[in-house]
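J.: Sequence and predicted structure are below.
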Amino acid sequence: MTKNPAFWLRCESKDFERRAALTPSTAKNLIELGFDIFVERDEQRIFKDSEYEACGCTLVPHGSWASAPLSIPIIGLKDLPVSSEPLQHTHIYFGHCYKNQTGWDSLLRRFHNGGGTLYDLEFLEDAQTRRRVAAFGFHAGFAGAAIGALAYASQQKDEVLGKLKPYDNEEKMIEDVKSALLGGSGQNMKVLVIGALGRCGRGAISLFKKIGVDEANIIEWDMAETAKGGPFQEILDVDIFVNCIYLQEKIPPFLTKTFIETAGEGRRLKVVVDVSCDTTNPFNPLPIYSVNTTFTKPTAPIDISSALSPLHVVSIDHTPSFLPREASEQFSQSLLPLLEQFPERGFVNTWVEAERLFKEKVVKALAIS
């Protein structure tokens, strides 16, 4: 199909996932460097097929990546369609299978059985700083906080937040969040963000400031504040709590159902936004819920005594899709320099380490099968 270096942008199978790992602008950059870019047709994606075609990409049928030449890496963002079929290609995406998440070993065995390779986007790290090369963290926190504010606004009216529609731009989203709140802003809200020093936490804090929450009412916590171990009364003393931590090991829970019920009506907390979404992680620091929410049903009630005021959780695991165009552009531009180096990946530390980690995790998966 091609003798040039290439990437195959697959469509996303997850409902309401409108982001893209490659945008028309980053695809154009790669094409100018001699890459061939194949793009699966996709009506759900925020970028139109015609935008890719206009910059020189080759459009291919929706969901056709499995029949792509094995020499072409498949790039995407979220989960592959559920299957037991062996994976033969090189894949670049968020595999969510390196931290013992549900089904992690089955996925890695599919790669082993097919001879394919996973370069997990979550673990592409700069060799010097050890920070992720590209992340949706800021927009995850920003959009997650916005959805939390909308859920809180619905509670103010004794309603439950309904189906969400992604926004084409930040300005309109901010306008709608503010207008949904009583008084037209977040001035009377009090919020707490854990993981405040990271990309995700900074995004949540930015959103709260833009909707008018007083800075004195934005409580910013990070590892120093949580070192004493939870559960934390301070979480119960705010209207919205946003969890933005990057979970790497077992820690004491931030909240438990027993802790919430013991507080009784002394609880101010109305909405928990779990941007981290470690729902299936055995070390989840928020063992107060067990299901992810969706854009169709963005909140779920916490199962506590019916005698207490409602408490809802937002646990959408792809909140940046609330602002898909802006989030995709920022992410893809950050990833671009590394993609340019992919043909020489055997000599690029970030790619070498990502492949080493993949092989290490495959060995672990096979050991328990």
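T.: Noted; the coordinates are in hand. Numbers count the residues shown, from 1 in each chain.
J.: how about the helices in the stretch 201-350 of the chain?
T.: 223-226, 233-236, 257-263, 324-340, 349-368 (DSSP state H, counting those that start in this stretch).
J.: who's in contact with the longest one?
T.: Identification of contacts with helix 349-368 by C-beta atoms under 8 Å, 6 or more residues apart in numbering yields 97-98, 104-105, 108-109, 111-112, 117-120, 123-127, 133, 338, 341-342, 345-346. Quick note: C-beta positions are derived from backbone N, CA and C, even for glycine.
J.: Could you pull up the mean pLDDT of it?
T.: What helix 349-368 shows for mean pLDDT is 97.
J.: what comes up buried for that helix?
T.: Within helix 349-368, the residues that count as buried by 16 or more other C-beta atoms under 10 Å are 350, 351, 354, 355, 357, 358, 361, 362, 365.
J.: residues touching residue 149, list them.
T.: By C-beta under 8 Å, 6+ apart, the contact set of residue 149 is 177, 180, 181, 186, 189, 207, 208, 211, 240.
J.: Return the member of the residues you listed nearest to residue 5.
T.: Residue 5 has its nearest neighbour among the contacts of residue 149 in residue 207, at 38.5 Å by C-beta to C-beta.
J.: Nearest spatial neighbour of the closest one, chain-adjacent residues omitted?
T.: Leaving aside its chain neighbours, residue 207 sits nearest to residue 145 (4.0 Å; criterion: C-beta to C-beta, 6 or more residues apart in numbering).
J.: Only C-alpha atoms, please: export the one helix or strand the one you found maps to in CSV.
T.: Assigned by DSSP states H and E, residue 145 falls within helix 137-156. Below are the C-alpha coordinates for helix 137-156, written out as CSV (Å, rounded to 0.1, in the frame of the first residue of the first chain):
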residue,chain,number,x,y,z
GLY,A,137,-4.9,16.0,31.7
PHE,A,138,-5.6,19.8,31.5
HIS,A,139,-8.8,19.4,29.5
ALA,A,140,-9.8,16.3,31.5
GLY,A,141,-9.8,18.4,34.7
PHE,A,142,-11.3,21.5,32.9
ALA,A,143,-14.2,19.5,31.4
GLY,A,144,-14.7,17.3,34.4
ALA,A,145,-15.1,20.4,36.7
ALA,A,146,-17.5,21.9,34.2
ILE,A,147,-19.7,18.7,34.2
GLY,A,148,-19.5,18.7,38.0
ALA,A,149,-20.7,22.3,38.1
LEU,A,150,-23.6,21.5,35.8
ALA,A,151,-24.5,18.5,38.1
TYR,A,152,-24.4,20.8,41.1
ALA,A,153,-26.6,23.3,39.2
SER,A,154,-29.1,20.6,38.6
GLN,A,155,-29.2,19.6,42.2
GLN,A,156,-29.8,23.3,43.1
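J.: Tell me which of the contacts of helix 349-368 fall in helices.
T.: 104, 105, 108, 109, 111, 112, 338 (DSSP state H).
J.: How about the backbone phi and psi for the residue nearest to the first one when sequence neighbours are not counted?
T.: For residue 104, ignoring the flanking residues on the chain, the nearest one in space by C-beta to C-beta, 6+ apart is residue 97 at 3.8 Å. In this entry, residue 97 is assigned phi and psi values of phi -140, psi 20 (degrees, to the nearest 10).
J.: Residue 344: neighbour count?
T.: By other C-beta atoms under 10 Å, the residues close to residue 344 number 10.
J.: What of residue 128?
T.: Summarising burial for residue 128: neighbours were counted as other C-beta under 10 Å, giving 7.
J.: Looking at it now. What's its pLDDT?
T.: Reported pLDDT for residue 128: 88.
J.: ditto for residue 15
T.: 85.
J.: what about stretch 167-183, distance to the chain center?
T.: Computed by C-alpha atoms, centre = their mean, to the nearest Å, the chain-centroid distance of stretch 167-183 equals 21 Å.
J.: For the remainder of this discussion, apply numbering that starts at 22.
T.: Okay, using 22 as the starting number, the last item reads as stretch 188-204.
J.: Report the buried residues of that stretch.
T.: Neighbour-count burial for stretch 188-204 [16+ other C-beta under 10 Å]: 188, 191, 194, 195, 198, 199, 201, 202.
J.: so the third one touches residue 167, yeah?
T.: In other words, residue 194. Yes. Using C-beta atoms under 8 Å, residue 194 makes contact with residue 167 at a distance of 5.9 Å.
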